[in-house]
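> my questions concern the predicted model and sequence given below.
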Amino acid sequence: MVIVSAPTSPSTTIIQVDVSDPVAPQILGSHTISGQYESARMVQGTVRLVTSAEPTLRFQYPDSDSWWDRRRATTANREIITNSTLSQWVPGSVADCEETVRPAQFSGFGTVAVTTMQAANPAEASSSSVALVASPGTIYASTDQLVVAGSEWQSEANDYATNLHTFDIGSTAPAEYAASGQVRGRIVDQFALSESEGIIRVATTSEGQWDGPASSSTLFTLARDGADLTVLGSVEDLGVTEEIKSVRYLSPDLAAVVTFRQTDPLYLIDTSEPADPVVRGELKIDGYSAYLHPIGDDHLLGIGQDADPSTGIEQGLQASLFDISNLANPELVDQLMWPGASSLAESDHHAFTYWPQTGQAFLPTWTYTPMVDPLAEESAYPVMSTGVSFTIEGESLIEGAPLGTSAHQEGIERTMVIGDTLWTVTANGLNHYQLDTLRPLGSVNW
């Protein structure tokens, strides 16, 4: 199934493709629903498609900050609202009014819809949607709950707040709106969210104020109380003066949180008692991990940046292996570094591949060189894009062969393992390698 969102209109098309014959794939049908595509999740063949739409009203803005201009704009906008129609507020909504919910906490003027469909028959989607009056945000889903989380600045609090909206998706039936709530601070990505047995965990960072408290982070636990998500407990003041760089929930009882400003504190937080989560261990290293990946039950791999401990200036890509078997005393057991490099995996986890059968890990990299001549355009850009590999053996990281080089316009974006072959995906095509030796086998151009 392929999902295509039209960039010029609020509509999304679902295309069903038969790929049983790779040489001759066939389009079996398509179905278009209203709304801009945001994300989708599939659990055992049931797809939850999240779309959004913003009001099409054209409000007027004051020409200046003068009292007269602001009053004129306010009067005009009140008239626009008075004369507005429902279709302007919820353009082409896929849900009926009876299936559209307004949360108690204001969450924006947009509309977020969750459409349920079966992967084998997406045409049935049109009658299986529920909508919420809210702005779109980060999408997370467990097997039972789908969460829409939107972080927005609140001027009265001089800080961010994150609105959380949950939908029940525990069966193949259409998704149902469950509850909403709000916590202070902003989230870094979908890994800041978790749900298990009705308990939602969310890690946020609150902004520091020049004349008030410094920035810090909090891990909250929440549970549903009717249509409200209420806070059960929290761990506060994580990484004072710092911000969250990565989060990974390793089990319903354990969370790993990395904050950073100049050094990287890794916090291990026990959430087995949702009303009383506690920090069990902490470890500081130079730099930070922007993505965390569990390796078995006792180890954690971090992908991020080395940094100068006195300034926080990034020095290059690093992979860090942590032993977390003793929660009270996590240890850094090995590291690899690639000076001057960075990786797409730091911001997009899809770019990281770990193959547990062989213990190998692969990720694309950019390598920068110092700017020698400010007037020379090429010296200001990455001069090489490639991929790096390493193998995790026990508590050691063993660097493997590089995955080739190319001009920076043709950089590696994804890696994947098929059988005993490693494939890299670039803008120009595919390259494949023998998995055990990483010997190049050839390439396929688009």
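Arrived safely, thanks for sending. Every value quoted in this text rests on a predicted model; they were computed, and no experiment measured them.

> adjacent strands (with direction) for whatever helix or strand residue 386 lives in?
Per DSSP states H and E: residue 386 is located in strand 384-393. As defined by DSSP bridges, the strand partners of strand 384-393 come to strand 360-367 (antiparallel), strand 396-399 (antiparallel), strand 405-406 (antiparallel).

> which other residues reach it?
If you take C-beta atoms under 8 Å, 6 or more residues apart in numbering as the criterion, strand 384-393 is touched by 295, 299, 301, 317, 319, 321, 336, 338, 341, 343, 358-367, 397-408, 410-412, 415, 424, 438. Using the backbone N, CA and C atoms, a C-beta is placed for each residue, glycine as well.

> in CSV, list the C-alpha atoms belonging to it.
What follows is strand 384-393, C-alpha atoms only, in CSV (Å, rounded to 0.1, in the frame of the first residue of the first chain):
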residue,chain,number,x,y,z
MET,A,384,32.2,13.3,1.0
SER,A,385,29.2,11.2,1.9
THR,A,386,29.6,7.6,2.7
GLY,A,387,28.5,5.0,5.2
VAL,A,388,30.2,3.5,8.2
SER,A,389,29.9,0.0,9.7
PHE,A,390,30.8,-1.6,13.0
THR,A,391,30.2,-4.9,14.8
ILE,A,392,29.1,-5.2,18.4
GLU,A,393,30.9,-8.2,20.0
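
> could you give the mean pLDDT of it?
The average pLDDT within strand 384-393 is 88.

> now do that strand: distance to the chain's middle.
23 Å (C-alpha atoms, centre = their mean, to the nearest Å).

> the stretch 51-200 of the chain: strands as residue ranges?
100-101, 111-118, 129-133, 138-141, 145-154, 159-168, 176-184, 193-196, 199-206 (DSSP state E, counting those that start in this stretch).

> ok, of the contacts of strand 384-393, which come out buried?
Buried residues within the contacts of strand 384-393, counting neighbours by 16 or more other C-beta atoms under 10 Å: 295, 299, 301, 317, 319, 321, 336, 338, 341, 343, 360-367, 397, 403-404, 406, 411-412, 415, 424, 438.

> which parts of the stretch 251-400 of the chain are strands?
Secondary structure of the stretch 251-400 of the chain by DSSP E, counting those that start in this stretch: the strands cover 254-260, 263-270, 278-286, 288-295, 299-307, 314-323, 331-339, 341-342, 353-355, 360-367, 384-393, 396-399.

> let's have these in TSV, adding distance to residue 40.
Below are the strands of the stretch 251-400 of the chain laid out as TSV (distance: least, C-beta to C-beta, whole Å):
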stretch	distance to residue 40
strand 254-260	26
strand 263-270	30
strand 278-286	35
strand 288-295	22
strand 299-307	25
strand 314-323	30
strand 331-339	34
strand 341-342	29
strand 353-355	22
strand 360-367	24
strand 384-393	28
strand 396-399	35
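
> go through those strands and name the closest to residue 118.
Closest to residue 118 of these, according to C-beta to C-beta: strand 353-355, at 29.4 Å.

> quick check: buried residues in the closest one?
Quick answer for strand 353-355 (16+ other C-beta under 10 Å): 353, 354.

> what do you get for stretch 243-251?
Residues of stretch 243-251 classed as buried by neighbour count (16+ other C-beta under 10 Å): 243, 244, 245, 246, 247, 248, 249, 250.

> swap in stretch 97-106?
Buried residues in stretch 97-106, counted by 16+ other C-beta under 10 Å: 99, 100, 101, 103.

> any idea which of these is closest to residue 178?
Nearest member of the buried residues of stretch 97-106 to residue 178, counting by C-beta to C-beta, is residue 101, at 9.8 Å.

> which ones are touching the residue nearest to that closest one when sequence neighbours are not counted?
Distances taken as C-beta to C-beta, 6 or more residues apart in numbering place residue 177 nearest to residue 101, at 4.6 Å, with adjacent residues excluded. Neighbouring residues of residue 177 by C-beta under 8 Å, 6+ apart: 101, 130, 132, 165, 166, 167, 168.

> the fifth one bridge partners, please.
Beta-bridge pairing of residue 166, defined through DSSP bridges, involves residue 147, residue 179.

> number of nearby residues for residue 12?
Neighbour count for residue 12, taken as other C-beta atoms under 10 Å: 26.

> sorry, slip of the keys, the one I care about is residue 82.
7.

> so what pLDDT did it get?
For residue 82, pLDDT reads 95.

> with residue 418 instead?
pLDDT, residue 418: 95.

> who does it bridge with?
Residues in beta-bridge contact with residue 418 (DSSP bridges): residue 421.

> what about it, distance to residue 388?
Applying C-beta to C-beta, to the nearest Å, the value for residue 418 to residue 388 is 20 Å.

> which of the two has more neighbours?
The neighbour count for residue 418 versus residue 388, taken as other C-beta under 10 Å, is higher for residue 388 (22 against 9).

> and residue 267, how far from residue 238?
Distance of residue 267 to residue 238, computed by C-beta to C-beta: 6 Å.

> what sits in contact with each of the two?
Taking C-beta under 8 Å, 6+ apart as the contact rule, residue 267 and residue 238 both touch 257, 259, 279.

> residue 329 contacts residue 280, correct?
No. Counting by C-beta atoms under 8 Å, residue 329 does not reach residue 280; the two are 9.5 Å apart.

> who has more neighbours out of these two?
Between residue 329 and residue 280, counted using other C-beta under 10 Å, residue 280 has the larger neighbour count: 16 against 13.

> circling back: quick one, which of the strands paired with strand 384-393 is nearest to residue 136?
Minimum separation from residue 136 across the strands paired with strand 384-393 (C-beta to C-beta) falls at strand 360-367, 28.1 Å.

> report the angle between that closest one and strand 314-323.
Per axes from the mean of the first three to the mean of the last three C-alpha atoms, to 10 degrees, the angle that strand 360-367 makes with strand 314-323 is 170 degrees.

> quick one: mean pLDDT for strand 360-367?
Here the average pLDDT along strand 360-367 is 91.

> then that strand to CSV, C-alphas only?
Provided in CSV are the C-alpha atoms of strand 360-367 (Å, rounded to 0.1, in the frame of the first residue of the first chain):
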residue,chain,number,x,y,z
GLN,A,360,26.6,-5.4,12.6
ALA,A,361,25.4,-1.8,12.5
PHE,A,362,25.3,0.5,9.5
LEU,A,363,24.6,4.2,9.1
PRO,A,364,25.2,6.9,6.5
THR,A,365,27.6,9.7,7.2
TRP,A,366,28.6,13.2,6.0
THR,A,367,32.2,14.2,6.4
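
> now a PyMOL select for only the buried ones of the shared contacts of residue 267 and residue 238.
Of the shared contacts of residue 267 and residue 238, the buried ones go into a single PyMOL selection, burial set by 16+ other C-beta under 10 Å:
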select buried, resi 257+259+279
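
> quick one: the shared contacts of residue 267 and residue 238 as a markdown table, columns for pLDDT and distance to residue 151 too.
Output for those, formatted as a markdown table (pLDDT from 0 to 100; distance: C-beta to C-beta, whole Å):
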| residue | pLDDT | distance to residue 151 |
| --- | --- | --- |
| 257 | 97 | 17 |
| 259 | 93 | 17 |
| 279 | 97 | 23 |
